[in-house]
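A.B. asks: Structure, please.
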Amino acid sequence: MPWKHWSAERLGVVLAVLAALGFSFKAIFVKLAYAAAPVDAVTLLSLRMVFSLPAFLWVGFAASRSAPPLTRNDWGMLGALGLLGYYGASILDFLGLQYISAALERLILFTYPTLTVLIGVLFMGKSLARREVAALLLSYAGIALAFAHDLRVAGEMATVLTGVALVFGSSLSYALYLAGSGPAIQRLGAARFTALAMLVSTLATQLHFLATQSLSALRQPPTIYAYGLAMAVVSTVLPVFMQSAAIRRIGSAKAVLIGTLGPLLTIVFGWWLLAEPMSAAQLAGAALVLAGVLLVSRG
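C.D. replies: Residues are numbered from 1 along each chain as shown. The predicted model follows:
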């Protein structure tokens with residue numbers, strides 16, 4: 001049956017699955033790039049953001065044409081959230097992937113819903129329900145199991161701890177971005193806010209690159225450019241807009257439920273494409289993390 005004859009719900013489910021697949025491949029592309037050439041995290045992230053730039057420029061322009069001009073407060077909000085979101089969270093994530101497996105990275109990143117809850121409790125006067133306490137316990141028990149798996153494989157406590165700390169910082173940065181994005185989205189609209197925040201992140205990434213790297217760092221093998229382009233298209237631009245379209249058709253609750261496929265897909269692709277070991281403890285850890293995410297999302 002041609003896609004144009006599908007119901008809105010069926011199309012929304014397909015879009016949500018494709019978005020989860022795209023997001024799950026980001027860590028795989030990063031690990032493949034690190035294995036292909038001695039490229040550093042800042043250069044790799046810079047390539048990803050540059051290749052993503054045309055799409056977000058176009059969306060930002062289209063969404064801003066008939067919208068009211070941005071105030072100084074709007075720019076300040078976009079600046080702060082852009083630095084937290086796809087710049088701060090991404091650079092910490094890319095650095096962390098130098099030390100831990102793609103599977104553990106994805107599980108740690110998936111704690112951002114529980115971290116968003118904690119931010120609300122600590123800084124926004126919200127209360128912590130029993131459901132949310134259970135979600136936190138499940139999620140971090142799962143991380144502990146997956147951490148034990150990586151430690152057993154790597155055999156170096158300091159290396160794994162460094163990677164875990166960096167990726168957890170990435171998850172915290174993204175949770176802060178989400179916690180602050182609600183009012184911004186209400187004021188600016190989802191498409192305009194997302195595109196403009198991505199533009200801020202891109203600018204910050206390029207300034208970071210210019211401050212820490214020489215232009216010669218951009219002389220990379222074609223394989224690295226291919227992975228950078230794949231990250232931009234497959235794991236950034238397409239899943240961002242597919243997820244938004246899915247939420248519009250099936251609602252955020254179902255989209256979150258389908259999105260929990262992401263860590264499991266990363267574990268499978270890490271085993272298949274990166275030859276990362278897979279163990280019962282790792283799968284049990286993934287199950288606990290996903291159970292915690294689902295519990296807090298339902299709450």
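
A.B. asks: What's the biggest helix in the protein, counting residues?
C.D. replies: In the chain, taking DSSP state H as the definition, the longest helix is helix 157-188.

A.B. asks: buried residues in the next helix or strand after it?
C.D. replies: Per DSSP states H and E, the first helix or strand lying C-terminal to helix 157-188 is helix 190-212. Buried residues in helix 190-212, defined by neighbour count with 16 or more other C-beta atoms under 10 Å: 191-206, 209. Using the backbone N, CA and C atoms, a C-beta is placed for each residue, glycine as well.

A.B. asks: any weak-confidence spans in the protein?
C.D. replies: 1-6, 155, 252-253, 297-299 (pLDDT under 70).

A.B. asks: show me where it has helices.
C.D. replies: Using DSSP H, helices in the chain cover 8-36, 41-64, 72-82, 90-96, 102-109, 112-123, 130-154, 157-188, 190-212, 222-232, 238-250, 252-259, 261-273, 280-298.

A.B. asks: most tightly surrounded among the ones you listed?
C.D. replies: helix 102-109 (a mean of 28; mean count of other C-beta atoms under 10 Å).

A.B. asks: quick one: contacts of that helix?
C.D. replies: 24, 27-28, 30-31, 93, 96-97, 142-143, 146-147, 149-150, 163-164, 167-168, 170-171, 174, 262-263, 266-267, 269-271, 274, 276, 278, 282, 285-286, 289 (C-beta atoms under 8 Å, 6 or more residues apart in numbering).

A.B. asks: centre of the chain versus that helix, how much separation?
C.D. replies: Taking C-alpha atoms, centre = their mean, to the nearest Å, one finds helix 102-109 lying 10 Å from the centre of the chain it belongs to.

A.B. asks: Next, the angle from that helix to helix 8-36.
C.D. replies: Helix 102-109 runs at 130 degrees relative to helix 8-36, counting by axes from the mean of the first three to the mean of the last three C-alpha atoms, to 10 degrees.

A.B. asks: Give me the phi and psi for F110.
C.D. replies: Torsion angles at F110 (phi, psi; degrees, to the nearest 10) stand at phi -80, psi 0.

A.B. asks: What distance do you get for it to G251?
C.D. replies: Here F110 is placed at a distance of 20 Å from G251 (C-beta to C-beta, to the nearest Å).

A.B. asks: So these two - more neighbours on which side?
C.D. replies: F110 (23 against 13; other C-beta atoms under 10 Å).
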